[in-house]
Structures are given as C-alpha cells and as structure tokens.
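*Asks:* Requesting a structural model of the entry that follows:
(one chain, ligands or ions: 1)
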Amino acid sequence: MGIKLVVVGAAGRMGRRIIALAMESGRFALVGAVDAASHPDAGKDAGVLAGVGTLGVKVSEEWPAGADVVIDFSLPQAADATIKWCAKHGITLVMGTTGLSDAQKAALRAAGRKTAVVYATNMSVGMNVLFALVGKAAAMLSEAYDIEIIEQHHRFKKDAPSGSAMTLAESICEATGRDVKTALVHGRSGLAPRKPGEIGMHAVRAGDITGVHSVMYAALGDMVTLSHTAQSRDTFVQGALRAAEWLQGQRPGLYSMRDVLGIE
Ligand code: NAD
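*Replies:* Here you go, the predicted model:
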C-alpha cells in the first residue's frame, strides 16, 4: 500500500506538489489532506486539486487516524496542531513550514523525544550542500572578508528573511564564533556604516522567483559568491519525500536534512 501519508497545507502551492509527486512515486498512499476549513478548496478531492485524479481524500481540517508520516508545509499558526498530533500519536513528521517561533522549535525538540522528526527550512539537496559550504568558506576567508546574504523569493512569500537565509547565517556564525542574534544587520537605511564582523541580510520579494540564496564574501580587491537557485518547487518536494521515507524505522529524535542526506 505504501507509506501512509498526511499532508498539512494540502491545498497550498507546496502541498499540491507533495501530493502529486508522492502519488507519482508509487511509494505513498495519501490518507489525509489537512488544510484550513476556510480555504476555498476545502471539501474538494486532494488528488483532483493536485492534478493526479481522484484519490478519495477530501481537503479537510479533520485529522485521519492511522498515518505513518505527516508532511507539513503550511503556516506557523498551523504547526502547533501538527506537532502536538504527531507527538501524541507517535507519527513521524517532516516539518517544512518556515517562520516557526522559538517556542515551536522547542516543541519540535520535545516531539523528537516521542517520535522521529525532520525539520528543515530548505529540503533541496543543493541547498543543504550550500549550508555545509558557507561556514567553511567564512572560516577559510577570515575576517578580512565582509559577508552579506541576499535571498530572493516570489511576491507571495510571507516571512522574511527566509528560513534558509537564517540557516545560512547560523552556519556562518557557528563556524566563525559569531552570535547570530547580534551579528545580523537586516537591510540598511540612512547612516549605517558597516561594523567589523557584521553580516548583512537582505530579502528581495518579486514576481514568481522560486528561491535564490547568495552569500557574498568581499574583501578589498576580490569577492567570492556562493549561490543556489531553486528552479522549481519540486526540488523541495523531492527532498521532503526523501525525508519521509528515511524517517520510517528511525529512532525518535529531531533530525535535519543533513542527517537524511548523510552530509557532514
Ligand atoms: P501556501 O500559502 O501556498 O500554502 C499554505 C497552506 O497552508 C494554504 O493552503 C493554507 O490554507 C494552509 N493553512 C493555513 N492555515 C492552516 C491550518 N490551520 N491547518 C492546515 N493548513 C493551513 O504556501 P506555500 O508556498 O505552499 O508554502 C508553505 C510553507 O512551506 C511556507 O512556510 C514556506 O515558507 C514553506 N516552504 C518550505 C520549504 C522547505 O524546503 N522547507 C520550501 C518551500 C516552502
């Protein structure tokens, strides 16, 4: 029958692609499609919405019993219910929703004591390689290089900076002994001279950009740029499905995409 899957945010941009690619893979069976009751497509068949034909699972705010894994790409306000439900019923969880609060991240860690959870602000393989590289580059280039992070996303994205841009900043801070809370300078306006060690963070919102993240390391005389471009949402979806399969049989714990992909 395949891995019994519940998608949260099922009627959203990501949710529809998760359902479509999960069904195409033949390795999952959709048992639940959770979305807000107020969504205009609530009550419709989730497979029809995803473009893969009738699956007999309606988009609903109701949670079904008997799932193996939940994949959540929704909104932070929906994430509490997902985390609680997975922890209570011991169901594995792939949490892709970004913009979670510190309290929600703590709740994910607590859920990881009851069940196996993957939480990643970016599920694409290429981006996870970039997460691993940016800290190493910062440490190798040393303080002579100013670091600026520029992220670009579509006009519909609600949170800023992106969760992935924050993960890039955290990787750099961890590798160079900076404190991410004090090192980041978000945008600049007015008199804002650069201080040594600060990391500039810039969020561009325009059109239908799927996602571009660049880290610029600039000194007096040269510049290195490490960059990742997501060409389509399917890169995140493939990563989320890979995580969902990897979780089956894992011990309880809070894991990252690096764990899933085996990236050191
Ligand atoms: P979207 O707005 O198209 O979809 C969000 C869906 O969540 C909507 O259908 C909305 O109705 C639904 N929702 C709202 N309240 C809900 C509730 N209480 N219960 C269940 N569902 C509810 O957004 P999107 O572009 O699909 O992105 C969704 C999330 O995924 C965002 O947080 C985005 O940043 C994140 N994202 C993460 C990655 C990653 O790799 N981790 C990649 C892309 C997007």
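*Asks:* got the contact list for the residue of the chain found nearest the ligand?
*Replies:* Of all residues in the chain, Gly12 sits closest to the ligand, at 2.1 Å by Cβ to the nearest ligand atom. No exception for glycine: its C-beta is placed from N, CA and C like everyone else's. For Gly12, the contact set (Cβ atoms under 8 Å, 6 or more residues apart in numbering) comprises Asp35, Phe73, Ser74.
*Asks:* what subset of the residues you listed is also close to the ligand?
*Replies:* Asp35, Phe73, Ser74 (Cβ under 6 Å from any ligand atom).
*Asks:* Distance to Met140 and neighbour count for these - can I get that in JSON lines?
*Replies:* As requested, the ones next to the ligand among the contacts of Gly12 are arranged in JSON lines below (distance: Cβ to Cβ, whole Å; neighbours: other Cβ atoms under 10 Å):
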{"residue": "Asp35", "distance to Met140": "45", "neighbour count": "23"}
{"residue": "Phe73", "distance to Met140": "35", "neighbour count": "26"}
{"residue": "Ser74", "distance to Met140": "38", "neighbour count": "24"}
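*Asks:* who are the neighbours in contact with the nearest residue to Ala37 once chain neighbours are set aside?
*Replies:* Leaving aside its sequence neighbours, Ala37 sits nearest to Glu61 (Cβ to Cβ, 6 or more residues apart in numbering; 4.5 Å). Going by Cβ under 8 Å, 6+ apart, Glu61 touches Val34, Asp35, Ala36, Ala37, Ala42.
*Asks:* Filter these down to the buried ones.
*Replies:* Neighbour counting with 16 or more other Cβ atoms under 10 Å marks Val34, Asp35, Ala36, Ala42 as buried within the contacts of Glu61.
*Asks:* Sitting in strands, which of these do you find?
*Replies:* The members of the buried ones among the contacts of Glu61 that map onto strands under DSSP state E are Val34.
*Asks:* Closest to Ala110 out of the buried ones among the contacts of Glu61?
*Replies:* Distances from Ala110 to the buried ones among the contacts of Glu61, taken as Cβ to Cβ, are shortest for Val34 (21.2 Å).
*Asks:* remind me, longest helix of this protein?
*Replies:* helix 125-141 (DSSP state H).
*Asks:* Report all helices and strands that it contacts.
*Replies:* The contact analysis (3 or more Cβ pairs under 8 Å, 6 or more residues apart in numbering; DSSP states H and E) places helix 125-141 against helix 163-176, strand 212-218, strand 223-229, helix 234-247, helix 257-261.
*Asks:* Identify whichever of the ones you listed lies nearest to Gly90.
*Replies:* helix 234-247 (12.0 Å).
*Asks:* what residue ranges in the protein score low on pLDDT?
*Replies:* Across the chain, nothing is flagged by pLDDT under 70.
*Asks:* which residue sits closest to the residue nearest the centre of it, ignoring its sequence neighbours?
*Replies:* Using Cα atoms, centre = their mean, the residue of the chain that lies closest to the mean C-alpha position is Thr121, 2.5 Å off. In this structure, Thr121 finds its nearest non-sequential neighbour in Gly163, 3.0 Å apart by Cβ to Cβ, 6+ apart.
*Asks:* There's contact between the one you found and Met95 in this structure, I believe.
*Replies:* No: judged on Cβ atoms under 8 Å, Gly163 makes no contact with Met95 at a distance of 10.7 Å.
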